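A.B. asks: Show me how the following folds:
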Amino acid sequence: MEIRPIAHMRSDFGSKFGIPRQSGVVEELESFVVFEPEFGVEEAVRGLEGYDYIWLIWEFSANREAGWSPTVRPPRLGGNVRQGVFATRSPFRPNPLGLSSVRLAGIEKKDGALALHVLGADLMDGTPVYDIKPYIGPDIHAGARCGFASGRWERRVEVSFPSALLERLPEDKRAACIGVLEQDPRPAYQHDPERVYGLAFAGRDIKFRVDGGVLTVVDVE
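C.D. replies: Predicted structure coming up:
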């Protein structure tokens with residue numbers, strides 16, 4: 001079977017670093033699923049406006065040459081405990097496909113192409129999208145066990161973002177940027193309070209440090 005992209009993602013993430021661990025974690029994130037010309041016809045999305053959420057099937061395109069491993073080290077477990085790859089959402093898979101549930105905010109034109117305006121996506125800019133499906137009631141399984149992914153995420157932090165630096169971001173990107181930083185983008189094994197990290201977001205380079213439970217933005221370039 002051959003599959004080809006029907007669309008590509010347009011998001012504020014220019015690299016993998018800082019992307020939320022899954023969709024829906026930062027609801028303020030706005031992005032667009034921009035259709036390829038062959039598939040960007042209004043007939044193909046007729047009726048989609050009747051759904052609040054959609055599923056995106058996409059490729060971990062930044063991991064094409066990385067290969068796969070039977071076991072991986074999930075960040076939720078501190079990066080030190082191995083789990084079977086099929087028990088995780090790791091990008092290092094035999095077929096590097098991702099699955100995300102996102103809120104559909106609208107169907108519109110983006111730079112002349114048909115696009116889906118979505119909220120809460122966890123995809124890097126330029127990510128190929130291979131299929132779109134509506135999210136329906138039976139997709140919810142109340143009370144389902146969630147393995148090691150159950151419970152509260154342990155790396156959420158308080159964000160200190162000086163107003164003078166925050167103003168360097170477009171106003172409509174500020175809440176989303178703070179939401180991303182609150183998830184603590186650092187790798188799980190890094191705890192150096194003096195280290196300065198850089199997050200590429202909305203065309204800016206956000207520099208920050210983390211000391212204890214407080215993330216402090218030190219520059220926006």
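
A.B. asks: helix/strand/coil for residue 174?
C.D. replies: helix (DSSP: H, G, I helix; E, B strand; the rest coil).

A.B. asks: which non-adjacent residue is nearest it?
C.D. replies: residue 166 (5.7 Å; CB to CB, 6 or more residues apart in numbering). Heads up, the C-betas are built off the backbone N, CA and C, glycines and all.

A.B. asks: Correct me if wrong: that neighbour contacts residue 175.
C.D. replies: No: the pair residue 166 / residue 175 is not scored as a contact, 10.2 Å apart, by CB atoms under 8 Å.

A.B. asks: so who does the residue nearest to residue 174 touch?
C.D. replies: 174, 217, 220 (CB atoms under 8 Å, 6 or more residues apart in numbering).

A.B. asks: where's it relative to residue 157, distance?
C.D. replies: Remark: distance between residue 166 and residue 157 (CB to CB, to the nearest Å) = 16 Å.

A.B. asks: do residue 73 as well
C.D. replies: Here residue 73 is placed at a distance of 21 Å from residue 157 (CB to CB).

A.B. asks: How about residue 112?
C.D. replies: Distance from residue 112 to residue 157, counting by CB to CB: 40 Å.

A.B. asks: Mind checking which of the two has more residues around it?
C.D. replies: Just comparing residue 112 and residue 157: by other CB atoms under 10 Å the higher neighbour count belongs to residue 157, 19 against 9.

A.B. asks: what about the strands in this protein?
C.D. replies: In the chain, the strands defined using DSSP state E lie at 7-10, 30-35, 53-59, 71-72, 83-84, 97-110, 113-119, 128-134, 158-160, 197-201, 204-211, 214-220.
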